[in-house]
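A.B. asks: Give me a model of this one.
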Amino acid sequence: MFYLSLIEHTLRLPPQLLGLPLNEAIKGELESLVLDKVIANLGLCISVYDIRCIDGGFVFPGDGASTYTVEFRLVMFRPFVGEIITTKLKESDSNGLRYTYILCDGSIGSLDYDGLGLVSWWLSIKSGGTRRQS
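C.D. replies: Next up, the predicted model:
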């Protein structure tokens, strides 16, 4: 369900962040870049776990920002096919599901119920509470 993924990324650090300690500035930029985003073949990014290596600090001509090559680990949420996840359903409408999970509140917009493999059965209040297969 939760995995650590090691990633290497070339990160542009804006000039206004250069007054902060380097690790703090880079972690803030990484969080704004990847948190709460789904990364292909990895899953949903939950947290920046740690920064393992920072190389570079190059400033390219015509650009005031410095560029670093950063190696870091992310905590990823990636359920396996058939895994059962317990959540509390907040609401369901034409835009998708809104749910509460252990770590955070979230939503799955425009959910194709069988497309993600996350929900196999759901109760439809409009149909009198009968079980419907997704």
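
A.B. asks: need the helix or strand of the protein with the lowest average pLDDT.
C.D. replies: Sorting the helices and strands of the chain by mean pLDDT, DSSP states H and E puts strand 121-124 at the bottom, at a mean of 38.

A.B. asks: List phi and psi for P15.
C.D. replies: Backbone geometry at P15, expressed as degrees, to the nearest 10, gives phi -60, psi -30.

A.B. asks: Ignoring the adjacent residues along the chain, who's closest to it?
C.D. replies: G64 (4.5 Å; C-beta to C-beta, 6 or more residues apart in numbering). All C-beta atoms are positioned from the backbone trio N, CA, C, and that covers glycine.

A.B. asks: now stretch 5-15: how far from the chain's centre is it?
C.D. replies: 16 Å (C-alpha atoms, centre = their mean, to the nearest Å).

A.B. asks: what does that stretch rub up against?
C.D. replies: Around stretch 5-15, the neighbours that count as contacts under C-beta atoms under 8 Å, 6 or more residues apart in numbering are 25-26, 29-30, 33, 39, 42, 52, 56, 63-74, 76.

A.B. asks: Inside strands: which ones of the residues you listed?
C.D. replies: 39, 52, 56, 66-74, 76 (DSSP state E).

A.B. asks: and which of these is nearest to G96?
C.D. replies: Nearest to G96 out of the ones in strands among the contacts of stretch 5-15 is I39 (C-beta to C-beta; 20.0 Å).

A.B. asks: What secondary structure category should be reported for the closest residue to the closest one other than its chain neighbours?
C.D. replies: Nearest residue to I39, sequence neighbours excluded (C-beta to C-beta, 6+ apart): C45, at 6.1 Å. Taking DSSP: H, G, I helix; E, B strand; the rest coil as the rule, one finds C45 in the strand state.
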